[in-house]
Structures are given as structure tokens and as C-alpha cells.
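Participant: Fold the following for me, if possible:
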Amino acid sequence: MQARYQYGDLRIRKRNKGPDVWQFRFFDNGKRKSVLIGTLEKLPTKADAERAVEHRRIEINVESAQREFHSITIGALVDRFMAEYAPKHCRLNTQRAYRSFFNNHVRPKWGSEFVQNVKTMAVQDWLDGYPHSRQVKAHIRRYMHVLFNQAIRWEILERNPIDLVRQSSKRLKTPRTLTPVEFKALVGQLAEPYRTMVVTITCLGLRVCELLALQWGDIDFESLTVRIQQSIVAGEVNPTKTEASEGTLPLDPDLAETLLQHKGRATYTADTDYVFAGDTGKPRWKDAILADYLKPAAARAKIGKVGWHTFRRTYSTLLHSFGTAPVVQKELLRHADIRTTLDLYTRAVSEEKRAASSKVARALWAD
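Facilitator: Here you go, the predicted structure:
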């Protein structure tokens with residue numbers, strides 16, 4: 001075990017070309033090593049450079065017997081988390097979410113605070129008075145909890161101060177859903193392929209990341225089923241959101257006919273091609289579709305605001321209004337807690353799921 005705690009040597013390194021940089025030098029197994037921390041343009045003061053190098057100082061002293069006597073800040077913990085933990089355990093989109101919440105919410109308040117000094121009630125009081133929505137504060141609480149759990153694994157802390165912090169994520173407003181009349185008014189204002197996209201996502205209750213990842217090989221027109229097995233977020237193809245999200249859904253005959261008509265118009269129709277591919281064959285971008293087509297169509301239809309999740313909520317609401325058994329609803333919606341539910345109830349048979357799903361399709365789509 002390394003006996004002495006290394007502070008390392010932080011100095012400015014002159015360069016013939018380009019801006020000068022901060023260089024951090026330290027010993028590794030008796031050999032001197034150095035890493036570049038950043039330019040003087042990015043880190044104009046030594047204090048800036050010290051904050052940037054703090055997480056590296058933690059790394060090189062992980063075996064030091066004296067590390068417990070040297071406190072680290074939340075900012076340094078975040079840096080180490082994003083450098084070591086996030087790339088190995090999080091998708092790119094999740095990494096971006098962590099970075100955004102840490103930089104915009106956690107660092108401004110807690111970045112310079114020592115990890116050991118963060119107390120439960122201090123965080124609770126801060127969140128209670130933080131001028132943001134419940135959803136945002138719930139995300140902050142969750143990300144901080146993950147951060148401190150990792151600090152425990154790194155043996156920086158013995159307990160997580162966020163364990164007893166309470167933050168409700170309950171919405172103050174009822175989420176928007178569409179009536180069948182509103183839905184028909186919306187699709188009446190949409191051109192192809194966006195019309196078929198909206199019909200498909202609503203009649204199957206899909207998440208938009210699943211809709212964009214749908215390939216022709218996932219659709220079995222003979223057995224009238226659709227296989228959900230991947231998702232696309234920000235152009236990145238991943239498995240489904242959770243293990244429970246993967247599954248096979250019943251395909252209503254009228255929806256199958258609509259999809260076959262769409263396939264007849266499509267340029268890319270191989271099994272590995274995306275059902276709603278863009279002009280280049282690559283997946284479309286959900287934000288662009290929402291801003292350029294769906295919201296303007298909703299405005300023309302005079303039905304108020306819509307978002308991608310409006311369609312999944314509409315599907316869920318209609319399933320419930322038709323008296324669909326809860327276990328069937330959970331299987332069709334593929335919620336993450338479906339396995340717990342199915343441990344307590346009999347598994348729904350496919351005929352029940354098909355009938356329930358078709359009722360939604362008929363209500364939304366039939367003339």
C-alpha cells in the first residue's frame with residue numbers, strides 16, 4: 001500500500017504552438033508521470049486547474065493509507081463519476097442527462113462542499129426550496145443518490161446522506177391524453193409518413209424510442225404480431241428501456257393493412273430497414289418530427305398541445321376505460337414492474353391481449 005499521500009505537482013507548461021496548458025505530474029510505481037489537464041484559456045487560474053485535477057488526485061491516492069485524512073469535494077466526486085463510472089455503466093443519452101443535472105443543479109450549490117460535510121437535512125431543505133418542478137427535483141435526488149452510492153463503493157463514505165431525503169415526483173397537473181375524436185382530428189391534419197407513425201405508436205402504445213427503432217423484420221404480417229426488441233435515443237441504438245419492455249405485441253388487422261400500405265410507399269423495405277426510415281435510410285429524429293409536423297398539426301386541429309408520450313398515455317387511458325384487466329394492461333404497456341405483478345396474478349393469454357389492443361385500435365382508427 002502506498003504510504004504517503006501524493007498531492008502531485010501542478011504547473012503551467014509552455015507550448016510553441018497553441019495555448020499554454022496546465023500539466024499535472026505525479027509518481028506511479030516509482031516512475032514520474034504527467035497528464036495535461038487543460039489549456040489556460042479553459043482554466044485561467046490555478047484554482048480552476050486545482051478543481052479540474054482533484055479527481056485525478058483521488059485516483060492516484062486510492063491505495064494511500066492517509067487518504068482518509070484528505071477530504072474531497074462534491075465537484076471532484078462528480079468528475080470521477082463521469083470519468084470512471086458513467087462510461088462503463090450508462091448509455092450515452094444517460095451520460096448526457098447525468099452531466100446536465102450535475103452541472104446545472106448540483107455543482108452550483110454543492111460543488112465546493114466536502115463530501116463528508118453533506119448532511120441529509122441540508123439537502124432536504126435545499127430541495128424543498130429549490131424553484132423547479134417536482135420532476136426535476138426528483139431527478140436531482142435520484143442522481144445524487146447514485147453519486148453517493150458510488151462514493152461508498154470507492155470507500156470514500158460509509159453511508160449515503162441522500163437515503164432519507166424525500167422528494168415526490170407526483171405531477172401537479174393531469175398528463176394530457178387524447179379522446180378518439182381529438183386523435184382523428186390530429187391524424188386528419190398529418191401527411192405521410194407521419195400519419196402512419198402516429199397511428200402506429202398510439203394503436204400499439206409504444207414509446208417513441210421503440211417506434212423509431214422498429215424494423216420491417218420485427219413485424220410478422222402472417223401471425224399479426226410485432227416484436228419490440230430495441231430502442232433509439234439521439235441516434236444511438238440500444239436494447240429496450242428495461243428487460244420488461246422487450247416483448248411481442250398483437251397487431252390489429254386494420255393497423256397491419258395500414259403498415260402494408262406504408263411499406264408499398266417506402267424506399268427501404270428490407271427486414272433490417274427501419275419502418276419509418278428517413279431519406280437516407282437512417283432513423284428519424286423525434287424532436288424534429290414533433291416540432292415540424294406534430295405540433296403544427298395539433299394546432300391546426302385545435303386540440304391543444306401534444307407530445308410523443310401523449311400517444312402512449314392515450315393508449316393506456318383507453319385500455320383502462322374499456323375495463324381491461326390490470327395484468328393485461330401491464331403486459332401490453334410492458335412496464336418495468338410487470339414481473340412483480342405477474343408473480344401475483346395469472347399470466348394474461350394472447351387472446352385477451354389481442355382483444356384489448358384491438359378495442360383501442362377500433363376506437364381510434366375505425367370510421
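Participant: Could you use CA atoms for every contact and neighbour count after this?
Facilitator: OK.
Participant: List phi and psi for G247.
Facilitator: The phi/psi pair for G247 (degrees, to the nearest 10) reads phi 170, psi -180.
Participant: again, but for Q189
Facilitator: In terms of degrees, to the nearest 10, the main-chain angles of Q189 are phi -100, psi 0.
Participant: likewise the one 3 residues further on?
Facilitator: Dihedral angles phi and psi of E192 (degrees, to the nearest 10) take the values phi -80, psi 150.
Participant: Would you quantify the distance from it to H262?
Facilitator: Applying C-alpha to C-alpha, to the nearest Å, the value for E192 to H262 is 8 Å.
Participant: Among these two, which residue is more densely surrounded?
Facilitator: Neighbour comparison, E192 and H262: the larger count goes to H262, with 19 against 11 (by other C-alpha atoms under 10 Å).
Participant: where's that one, which helix or strand?
Facilitator: H262 belongs to helix 253-265 when assigned by DSSP states H and E.
Participant: State the mean pLDDT of that helix.
Facilitator: Helix 253-265 comes out with an average pLDDT of 94.
Participant: For it, what is the distance to the chain centroid?
Facilitator: Helix 253-265 has its C-alpha centroid displaced from the chain centroid by 31 Å (C-alpha atoms, centre = their mean, to the nearest Å).
Participant: go on, stretch 322-334?
Facilitator: 24 Å.
Participant: if you average pLDDT over that stretch, what comes out?
Facilitator: Per-residue scores along stretch 322-334 average to 79.
Participant: export that stretch as CSV, just CAs?
Facilitator: C-alpha atoms of stretch 322-334 as CSV (Å, rounded to 0.1, in the frame of the first residue of the first chain):
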residue,chain,number,x,y,z
PHE,A,322,-62.6,-0.4,-21.7
GLY,A,323,-62.3,-2.4,-18.5
THR,A,324,-59.1,-4.2,-19.5
ALA,A,325,-57.8,-6.4,-16.7
PRO,A,326,-54.8,-4.8,-15.0
VAL,A,327,-52.5,-7.7,-15.8
VAL,A,328,-53.3,-7.3,-19.5
GLN,A,329,-52.7,-3.6,-19.4
LYS,A,330,-49.3,-4.1,-17.8
GLU,A,331,-48.3,-6.7,-20.4
LEU,A,332,-49.4,-4.5,-23.3
LEU,A,333,-47.7,-1.5,-21.9
ARG,A,334,-44.6,-3.5,-20.9
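Participant: Which other helices and strands does the helix holding H262 contact?
Facilitator: helix 194-204 (3 or more C-alpha pairs under 8 Å, 6 or more residues apart in numbering; DSSP states H and E).
Participant: Now do the helix it packs on against helix 253-265, angle only.
Facilitator: In terms of direction (axes from the mean of the first three to the mean of the last three C-alpha atoms, to 10 degrees), helix 194-204 departs from helix 253-265 by 150 degrees.
Participant: ok, residues contacting helix 194-204?
Facilitator: The contact list for helix 194-204 (C-alpha atoms under 8 Å, 6 or more residues apart in numbering) reads 187-188, 207-208, 211, 249, 251, 255, 258-259, 262, 276, 293-294, 311-312, 314-315, 357, 360-361, 364-365.
Participant: Apply 6 Å and report the result again.
Facilitator: Outside helix 194-204, the residues that touch it by C-alpha atoms under 6 Å, 6 or more residues apart in numbering are V187, F311, R312, Y315, A361.
Participant: now, which of those residues sits nearest R25?
Facilitator: In terms of C-alpha to C-alpha, no member of the contacts of helix 194-204 lies closer to R25 than R312, at 54.0 Å.
Participant: Now for the closest one: which residues touch it?
Facilitator: Taking C-alpha under 6 Å, 6+ apart, one finds T202, G205 in contact with R312.
Participant: mind checking pLDDT for it?
Facilitator: On pLDDT, R312 comes in at 89.
Participant: So G281: helix, strand or coil?
Facilitator: At G281, secondary structure determined by DSSP: H, G, I helix; E, B strand; the rest coil is coil.
Participant: Spatially nearest residue to it (excluding sequence neighbours)?
Facilitator: Y268 (6.5 Å; C-alpha to C-alpha, 6 or more residues apart in numbering).
Participant: how about the helices in the stretch 101-250 of the chain?
Facilitator: With helices called from DSSP state H, counting those that start in this stretch, the stretch 101-250 of the chain shows them at 107-110, 120-129, 134-153, 180-187, 194-204, 208-213.
Participant: Would you tell me which one of those is buried the most?
Facilitator: helix 208-213 (a mean of 24; mean count of other C-alpha atoms under 10 Å).
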